[in-house]
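K.L.:
one predicted model, sequence on top.
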Amino acid sequence: MTAPSPQRSTLDLIGNTPLVLLKGPSEAAQCEIWGKCEFANPGASVKDRAALFIIRDAEERGELKPGGTVVEGTAGNTGIGIALVANACGYKTVIVMPDNQSREKMDTLRALGAELVLVPPTKFADPNHFVHTSRWIAEETPGAVWANQFDNVANRKAHIEGTAIELWEQLEGRIDGFTCAAGTGGTIAGVGMGLKAFDENVTIALSDPHGAALYSYYACGELVAEGTSVAEGIGQGRITANLEGAPIDTQFRISDEEGLDWVARLLSEEGLCLGLSSGINVAGAVALGRQLGPGKRIATILCDTGFRYLSTIYNAAWLEEKGLPVFPWLRGR
């Protein structure tokens, strides 16, 4: 085994994450299902990549100056990534987050030194939505920039120039399909564009949770949402700037129950502790593998660590309250 190369900056630890073959999903799909271990980033999620590119982009454009502040509206993981990158670069951080996200994310942001502003969850059309709130805070704070992860295409650039190239090299140019869910759309659009630049025949699939509208958009051309999901950080009801031009070839609608089944199996059978978004991605990868046929190679994103959801999907009382299946080892606790 070759030891990783030493890095001269903590920011160089972002990206170049491991890729692992997932045994159970591969057997279920009769093909190879590979998971990109984004929980290996310093902030323990895929969002570190976007955070780094957004801050570097603001610096290059001269908008973010020494001692400045980065403001963002986020479900949590992007905020954690921004706080870490901002700390390393000498900036302050203000994070606006819906108050229904996991307690672990809130505690982590405060521990990292970010100023945390909690707002009630609401529809994007509401002026009090967390994204709009973060924008006006940035506008009213001297020396602040608004990260704007949903419509700042530096987000997807992180995946065009990073994640897609890494996947292509790690799989030695043999990849038949890629899938993940969309929150901002940066990951699926960026990886899709990057992989298509290598091989137009790579199938890019959206794995959409219930309650989101993108499945309907790519299947029928209309933004129509059906059902609900407890998954954090994914699900979208509009075409963000990051999603514009995304090369989506096919789409799947994935339930929380399907996602949680893979979360449970990957933990109990393969020792991977993941969040629900990762479970939904894996369920989508299995669906894509079955669609493309035996022997294909599919990659997906293992978005973050399950340790960020101990109070939610790893909590029996919380799962019961939501009407979701409880992992067998949590029953009776």
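P.N.:
Looks like it arrived, so ask away. As the structure is a computational prediction, the values presented were derived from the model and not from experiment.
K.L.:
P66 and C89, how far apart?
P.N.:
For P66, the distance to C89 (C-beta to C-beta, to the nearest Å) stands at 9 Å. Heads up, the C-betas are built off the backbone N, CA and C, glycines and all.
K.L.:
between the two, who's got more neighbours?
P.N.:
Higher neighbour count among P66 and C89: C89, with 16 against 9, using other C-beta atoms under 10 Å.
K.L.:
how far away is the residue nearest to that one when sequence neighbours are not counted from K47?
P.N.:
Nearest in space to C89, with sequence neighbours left out and distances taken as C-beta to C-beta, 6 or more residues apart in numbering, is I55 at 6.4 Å. According to C-beta to C-beta, I55 stands 12 Å off from K47.
K.L.:
which of these two has more neighbours?
P.N.:
Legend: neighbour count by other C-beta under 10 Å for I55 and K47, higher for K47 (30 against 24).
K.L.:
local confidence estimate at the more buried one?
P.N.:
Note on K47: pLDDT of 97.
K.L.:
that one: what's it in contact with?
P.N.:
74, 77-78, 80-81, 233, 304 (C-beta atoms under 8 Å, 6 or more residues apart in numbering).
K.L.:
and what of S9?
P.N.:
Contact analysis of S9 by C-beta under 8 Å, 6+ apart lists A88.
K.L.:
L310 now?
P.N.:
Residues near L310 by C-beta under 8 Å, 6+ apart: E104.
K.L.:
where's it relative to E104, distance?
P.N.:
In this view, L310 and E104 are 6 Å apart by C-beta to C-beta.
K.L.:
C273 now?
P.N.:
Distance of C273 to E104, given as C-beta to C-beta: 13 Å.
K.L.:
joint contacts of these two?
P.N.:
With C-beta under 8 Å, 6+ apart, C273 and E104 have common neighbours F307.
K.L.:
what segments of the stretch 1-150 of the chain are helices?
P.N.:
Ranges of helices within the stretch 1-150 of the chain are 23-29, 47-60, 77-89, 103-111, 130-140, based on DSSP state H, counting those that start in this stretch.
K.L.:
before we move on, the earlier item: turn the contacts of K47 into CSV, columns for neighbour count, pLDDT and distance to L319.
P.N.:
Listed next are these as CSV, based on neighbours: other C-beta atoms under 10 Å; pLDDT from 0 to 100; distance: C-beta to C-beta, whole Å:
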residue, neighbour count, pLDDT, distance to L319
T74, 28, 89, 24
N77, 30, 92, 21
T78, 29, 94, 26
I80, 28, 95, 24
G81, 30, 97, 27
G233, 23, 90, 18
D304, 28, 97, 19
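K.L.:
I'd like the residues you listed laid out as a markdown table, including distance to E244.
P.N.:
Below are these laid out as a markdown table (distance: C-beta to C-beta, whole Å):
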| residue | distance to E244 |
| --- | --- |
| T74 | 21 |
| N77 | 23 |
| T78 | 19 |
| I80 | 26 |
| G81 | 23 |
| G233 | 20 |
| D304 | 25 |
